[in-house]
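# Dropping the sequence and predicted coords here.
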Amino acid sequence: MDTKSREAVEAFIKEAMGRASPGPRQDPETARARAEAAREDGELARGELLAAGLDLKRLDALAADRSKARRERAEHTHRRAIEASSAVARRLAELTPAPPAAPMNVILDRVTFIRSFAGAGAVVDSDIASLDSWARYRLNASANSVAESGTGRLSFFTLWRNPRTEPVVVTAGARLVVNAHLAVDAEWNGVAAWFIGGSQARATVRGRTTVWAMWDSTLKSIVHDQILADAGATGGFFGGDDSASIAFNEFLPASGFFVPAQASILIEVELLTEWVATSGTVHLDAESGSFQVSVPHLILTLT
């Protein structure tokens, strides 16, 4: 892709993605007011327990100590997943998902470019080559006592132009390979857990294919969406954590998309992480050890 074409696609993405971004799910002022009310409720309840003679500092110290041990266990699980990532990578490389039979296929052996978005994780390293387009990626998200939500996005974009003089229906199938580790952690709440909602952290990782119409940035279609992994934890007295290793290598089927004669489409194969947290963290590791995400090829079926 030449510089001029790439700049045009980048401008299209900036316009289209900005319009498509969802707004906040909760009014920020209301969220802050609820968090402050919960804090006040906890302080009032603590005062009553102190008046009754309970040693709250000792109880909170116990919660903190057990939370430390729990996090060490979670870190050990993460390290084991990284150590196993090489074996997982070899096993994934041995898999060759067969695409569905079709009357006419166009094989695209490399993507056009790879990127993430502001606040949606970071691409640590990447490469684009024939049958070997990949990225190393990480997402670290966290929230304090005010509930927050967001998305992590690693996107592989492929630009394709209909060479025919008549319109076609394109089915954009893609092979997606994911070797990664998802972990969530919810803070310990100690005595406060007896009176307030407490902490939480939840995340869902999806494989999604979206086709964008380059002739109209308002026109798009999610042609494939699949959950790859999820994890969730609530804090409670001692805190909580959860994790999931992702070892995925499949050909993603897709629904059709109408493309006029000589028109272009932008195909986005995306690793999407939807998360929500209150006094918690979400970590998707697709960079350590042999972890990585790749889109070796796409197969377009034209009808």
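Received, thanks.
# Which stretches in the protein count as helices?
3-20, 28-51, 56-94 (DSSP state H).
# Mind checking these for the one nearest to residue 181?
helix 56-94 (4.2 Å; C-beta to C-beta). The way it works is simple: take the backbone N, C-alpha and C, and place the C-beta from them, glycine included.
# before we move on, back to that, among the helices of the chain, which is nearest residue 301?
Between those, helix 3-20 lies closest to residue 301; by C-beta to C-beta that is 23.0 Å.
# partners of the longest strand anywhere in the chain, with directions?
Counting by DSSP state E, the longest strand found in the chain is strand 168-186. Strand pairing for strand 168-186, determined by DSSP bridges: strand 240-252 (antiparallel), strand 256-259 (antiparallel), strand 280-286 (antiparallel), strand 292-294 (antiparallel), strand 298-302 (antiparallel).
# Show me where this protein dips below the pLDDT cut-off.
Regions of the chain meeting the criterion pLDDT under 70 cover residues 1, 17-27, 30-31, 34, 38-39, 41-42, 44-45, 48-49, 96-103, 196-197.
# Can you get me the centre-to-centre distance for stretch 270-280 and its chain?
The chain centroid and the centroid of stretch 270-280 are separated by 7 Å, computed with C-alpha atoms, centre = their mean, to the nearest Å.
# again with stretch 273-284
10 Å.
# One more: stretch 260-278?
12 Å.
# Same check on stretch 188-198?
Its chain's C-alpha centre and that of stretch 188-198 lie 29 Å apart, by C-alpha atoms, centre = their mean.
# same thing with stretch 79-91?
With C-alpha atoms, centre = their mean, you get 20 Å for stretch 79-91.
# repeat for stretch 57-70
So, by C-alpha atoms, centre = their mean, the centroid of stretch 57-70 is 31 Å from its chain's centroid.
# What residues sit buried inside it?
Going by neighbour count (16 or more other C-beta atoms under 10 Å), the buried part of stretch 57-70 is 60, 63, 67, 70.
# Return the residues in contact with the second one.
Read that as residue 63. Listed by C-beta atoms under 8 Å, 6 or more residues apart in numbering, the contact set of residue 63 reads 188, 189, 190, 191, 237, 238, 239.
# Among the helices of the chain, which comes closest to residue 210?
Closest among the helices of the chain, once you apply C-beta to C-beta, is helix 3-20, at 9.2 Å.
# so how far is the closest one from its chain's centroid?
Centroid separation for helix 3-20 versus its chain: 21 Å, with C-alpha atoms, centre = their mean.
# next one: stretch 170-182
The chain centre lies 13 Å from the centre of stretch 170-182; the measure is C-alpha atoms, centre = their mean.
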